[in-house]
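Q: coordinates for the following, if possible.
(one chain, ligands or ions: 1)
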Amino acid sequence: MSGLSRNEIIFLGLLLLVGSCALFFAARSPKSPYPDRVVLIVVDTLRRDHVGVYGGRAETPHIDKLAARGQAAPRALASFPSTTMSMGALFAGLTPSIESGNSERSLSWTSETWCGLSRVAPPGSKTCFPAGIPTLPEQMRSADFETIGVTSNPLLYRPAGFERGFDIWEEAGAPDGSAGPGNEGGSRLTQGAYGGTTAGSVLSAVRAALGKRSQDRFFLYVHFMDAHDFELAGVSYAEGVKRADAGVGQLLQLLDEQGLLEDSLVVLTSDHGERLGEKHPVEGRDQHFGNPPFDYLLRVPLISVPPLFEFPHYAARSQDLAQLILARAGALAGRPPVFLSVSEVFLSEWDWQTLRSGRWKGAFRRDGSRALLFDLKEDPGEKTDLSEVYPDRLNRMRYRVSILAREYSGSSSHQGIQSAEVERLRSMGDIEALDSATPRAAD
Ligand SMILES: [Zn+2]
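A: Prediction:
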């Protein structure tokens, strides 16, 4: 110290003090409880029972590794066994339904009905996704996240509305980068050239999209199609799932290499399951087109890092996910907290209306010609119709279906439906111990 003046020693001492104070406060100051980024991964057509962490039948090492760092919710359910209805529900936070008056026309598969949200669409709206409904990406953008979307499902290409709220939007597999106006959903799947929608193409689109970002605080939505397209690829369903899993692994690696996985909320789910040759008391439809919606079409994985749920046995339907993600991201903007309770899922299909409530599932043909009742706890494969064993229970469910069908009809005002929906933001219970569960805040 002999070479230093008294003032220099004081100055150095102060520097040391300031430095150690900074270190002290850096170590002590509470870190934001909210993530810098939210990554939503949708693996189209992924049955829960084919994911390794759920005891699945397919090899999914990357999804399993993700789950090991967070939470695999055991009771997530798709709100409908089709992409547009389910993704519409996820983005809008609303229950999809094709109850829109009782006309034949309202039950047809048109651009207005295929998201199941026509009851909240402004008059004359022709898009699948109604204007005026705040979407998950729009709400994330309002919370200052840059919004980046990469889809590979042609049903979600522009102009259906799923692109709304994204600052950067990529359509992997779209012939010219856009489906263009006038393409109805039914024909898009055949237009989507297989090859452009594989995980490899999705990853290229993600790389390009991330390259365009202006900040590291972002919401990234990525949609994989490999499990959906297993037949197009000429492989088994399990192999399709494995390919999607590899894509998820590459995506996470890509983010990790750029330091973008840290302080991120990562959520992985699916829009619906798939039928793989199962037999039932009624035929139903091939692939994932329910009628009625058997449970392997509804049970989907829901994996999140960090956990979405304080209590992992709570469940969510597709329409509950938006609020859960917004709450975890600190982006609810004064909205009421989400309360989850064990509740019901109502599925209104073209031929059947189905209510899944606790361990019971009742399905009713619209023309009244057939009704089914399953005990999901005793009979998870839905092999035994109990409608004649428990006629009272069946009738109670039929009555409830009639109430719900009216509630989701198009006659109510936009506002009326929305407040009813907010009230109904409850999760769907699965099979075990449902009656004992108590509602709690999601957060
Ligand atoms: Zn789908």
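Q: quick one: the helices in this protein, in order.
A: 6-28, 61-69, 83-92, 136-142, 185-191, 199-211, 237-257, 295-298, 318-328, 391-407, 414-423 (DSSP state H).
Q: quick one: contacts for residue 286?
A: Contact analysis of residue 286 by C-beta atoms under 8 Å, 6 or more residues apart in numbering lists residue 275. Placement of C-beta: from N, CA and C, glycine included.
Q: torsion angles phi and psi at it?
A: Torsion angles at residue 286 (phi, psi; degrees, to the nearest 10) stand at phi -70, psi 170.
Q: ok so, going back, worst mean pLDDT among the helices of the chain?
A: Mean pLDDT is lowest for helix 414-423 among the helices of the chain, at a mean of 38.
Q: give the closest residue to the closest residue to the ion within the stretch 251-400 of the chain in space, chain neighbours not counted.
A: Evaluated by C-beta to the ion, the stretch 251-400 of the chain has residue 271 as its residue closest to the ion, separated by 4.2 Å. Spatially, and ignoring its direct neighbours in sequence, residue 271 is nearest to residue 86 (4.0 Å; C-beta to C-beta, 6 or more residues apart in numbering).
Q: what does residue 263 give?
A: Residue 263 sits nearest to residue 36 (C-beta to C-beta, 6+ apart), 4.4 Å away.
Q: pretty sure residue 398 sits against residue 371.
A: Yes - contact status for residue 398 versus residue 371: in contact at 6.8 Å, counting by C-beta atoms under 8 Å.
Q: between these two, what contacts are shared?
A: In contact with both residue 398 and residue 371: 362, 364, using C-beta under 8 Å, 6+ apart.
Q: for the residue nearest to residue 271, grab the count of nearby residues.
A: When neighbours are counted by other C-beta atoms under 10 Å, residue 86 registers 29.
Q: any idea how many residues pack against the residue nearest to residue 218 when sequence neighbours are not counted?
A: Using C-beta to C-beta, 6+ apart and skipping the chain neighbours, the partner closest in space to residue 218 is residue 146 (4.2 Å). Other residues near residue 146 number 19, with proximity taken as other C-beta under 10 Å.
Q: tell me where the model's unsure across the stretch 251-400 of the chain.
A: 312-315, 333-343 (pLDDT under 70).
Q: list, one by one, the residues from it near the ion.
A: residue 271 (C-beta under 5 Å from the ion).
Q: can you do 6 Å?
A: Counting by C-beta under 6 Å from the ion, the residues of the stretch 251-400 of the chain close to the ion are 271, 272.
Q: and the closest residue to residue 73 other than its chain neighbours, what does it touch?
A: Leaving aside its sequence neighbours, residue 73 sits nearest to residue 302 (C-beta to C-beta, 6+ apart; 4.1 Å). Contacts for residue 302 (C-beta under 8 Å, 6+ apart) come out as 72, 73, 76, 267, 268, 269, 308, 316, 321.
Q: hey, what's residue 302 bridged with?
A: When bridges are called by DSSP bridges, residue 302 pairs up with residue 269.
Q: mind checking how far the residue nearest to residue 218 is from residue 404?
A: From residue 146 over to residue 404 the distance is 38 Å, taken as C-beta to C-beta, to the nearest Å.
Q: who touches residue 288 in this structure?
A: So residue 288 contacts 45, 81, 82, 272, 273, 274, 275, 297 (C-beta under 8 Å, 6+ apart).
Q: I should have written residue 153 there, sorry.
A: Residue 153 sits in contact with 44, 83, 87, 192, 197, 223, 225, 228, where contact means C-beta under 8 Å, 6+ apart.
Q: confidence score at it?
A: 93.
Q: all further residue positions should be reported with the first residue as 417.
A: Understood, numbering begins at 417; the last thing we discussed is residue 569.
Q: list phi and psi for it.
A: Per degrees, to the nearest 10, the backbone of residue 569 is at phi -90, psi 120.
Q: what do you get for the one 5 residues further on?
A: Per-residue torsions, residue 574: phi -60, psi 150 (degrees, to the nearest 10).
Q: I'd say it and residue 587 touch.
A: Yes - when contacts are counted by C-beta under 8 Å, residue 574 is listed as touching residue 587 (7.0 Å).
Q: more neighbours, these two?
A: Counted by other C-beta under 10 Å, residue 574 and residue 587 do not tie: residue 587 has more neighbours, with 26 against 19.
Q: please name the nearest non-neighbouring residue to residue 628.
A: residue 584 (5.2 Å).
Q: mind putting the contacts of residue 718 into TSV with neighbour count and distance to residue 653?
A: Formatted as TSV, the contacts of residue 718 follow (neighbours: other C-beta atoms under 10 Å; distance: C-beta to C-beta, whole Å):
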residue	neighbour count	distance to residue 653
488	22	20
489	27	22
492	27	19
683	22	23
684	28	18
685	24	18
724	26	27
732	28	24
737	24	24
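Q: report the contact partners of the residue nearest to residue 687.
A: Taking C-beta under 8 Å, 6+ apart, one finds 494, 495, 496, 512, 687, 688, 734 in contact with residue 502.
Q: 7 Å instead, please
A: By C-beta atoms under 7 Å, 6 or more residues apart in numbering, residue 502 lies in contact with 494, 495, 496, 687, 688, 734.
Q: many thanks, have a good one.
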